[in-house]
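# got a structure for you, letters missing:
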């Protein structure tokens with residue numbers, strides 16, 4: 001049997017979904033954009049914050065909307081109108097990771113039974129912000145089960161004007177030993193970025209990309225299939241899937257860490273300017289996206305242990 005615990009204390013608002021013996025649980029912070037603060041499956045830590053870091057710096061598990069990744073100089077033009085976003089990536093003068101990562105979400109709905117625990121988190125932007133003067137509502141539905149969990153995101157345009165957007169998620173997945181871990185991506189295309197993280201060009205790919213994490217630093221985006229990636233570690237194997245045929249994936253390896261950011265997205269960096277994966281949402285229209293995580297035992301032969 002699964003259960004839901006609400007950890008509301010003063011200004012702190014967190015929610016935990018867990019199984020009966022607490023060997024599997026997922027913790028959300030409603031004050032930090034409804035993000036997954038931690039996820040444990042049968043005792044294995046799967047998602048966590050980075051070591052010796054903080055959420056304001058690494059955006060661990062942030063929901064990325066209305067843009068994923070970066071917008072160069074925070075500037076874009078849409079329907080003949082120029083907009084300027086706040087450049088919260090001060091060092092590179094980019095707008096970074098959207099506008100909801102620091103918003104407070106509401107616990108809108110919950111459900112538990114012997115197979116799943118589910119919560120729906122909700123945020124409504126009533127006025128718009130500098131650089132994105134559009135009104136919207138966003139729902140996050142997390143469903144925990146014995147084999148993993150899913151994240152469904154629904155966005156509605158509450159205003160009278162069409163707006164551009166991309167959507168993403170920024171989790172860091174923990175390995176007991178990243179150098180003894182392996183990553184498979186069903187990549188169709190790789191995007192090449194400059195030193196500011198802005199996509200400049202791309203190259204076609206025809207084979208499954210296999211990455212062995214051995215003193216390698218990555219910050220790359222890919223066009224991938226619905227089975228987006230397999231991450232094999234010494235203690236667990238993770239598969240990330242989506243329901244759409246074409247998806248984007250950002251892979252980032254932070255220095256001196258046993259974690260890797262595996263970021264599913266619907267577009268790439270600077271999408272408001274290069275239009276790669278860019279979506280539009282008309283007034284009263286709804287957009288939905290779902291990502292699914294499956295956890296299983298490691299195939300040690302594939303990991304070359």
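Nice, I can see it. It should be emphasised that the depicted structure is a prediction, and the values quoted were computed from it without experimental measurement.

# can you list the weak-confidence ranges in this structure?
For the chain, applying pLDDT under 70 flags the ranges 299-305.

# Could you tell me how far residue 278 is located from residue 60?
Relative to residue 60, residue 278 is positioned 26 Å away (C-beta to C-beta, to the nearest Å). The way it works is simple: take the backbone N, C-alpha and C, and place the C-beta from them, glycine included.

# Paired strands for the strand ranked longest in the chain, with orientation please.
Criterion DSSP state E: the longest strand present in the chain is strand 219-232. Looking at strand 219-232 with DSSP bridges, its partner strands are strand 182-193 (antiparallel), strand 237-242 (antiparallel), strand 247-252 (antiparallel).

# So which of residue 278 and residue 60 has more stuff around it?
The residue with more neighbours, out of residue 278 and residue 60, is residue 60; 24 against 19, by other C-beta atoms under 10 Å.

# contacting residues for the closest residue to that one other than its chain neighbours?
Counting by C-beta to C-beta, 6 or more residues apart in numbering, residue 60 lies nearest to residue 49, which is 4.7 Å off, once chain neighbours are set aside. The neighbours of residue 49, taking C-beta atoms under 8 Å, 6 or more residues apart in numbering as the test, are 37, 38, 55, 58, 60, 172.

# Tell me how far residue 291 lies from residue 249.
Taking C-beta to C-beta, one finds residue 291 at 10 Å from residue 249.

# Quickly list what's touching both of those two.
240, 264.

# any idea how far the spatially closest residue to residue 221 that is not a sequence neighbour is from residue 65?
Nearest non-adjacent residue to residue 221, counting by C-beta to C-beta, 6+ apart: residue 191, 4.2 Å away. Going from residue 191 to residue 65 by C-beta to C-beta gives 20 Å.

# quick revisit: which of the three states applies to the residue nearest to residue 60?
Using DSSP: H, G, I helix; E, B strand; the rest coil, the structure places residue 49 in coil.

# List phi and psi for it.
Phi and psi for residue 49, reported as degrees, to the nearest 10, are phi -70, psi 160.
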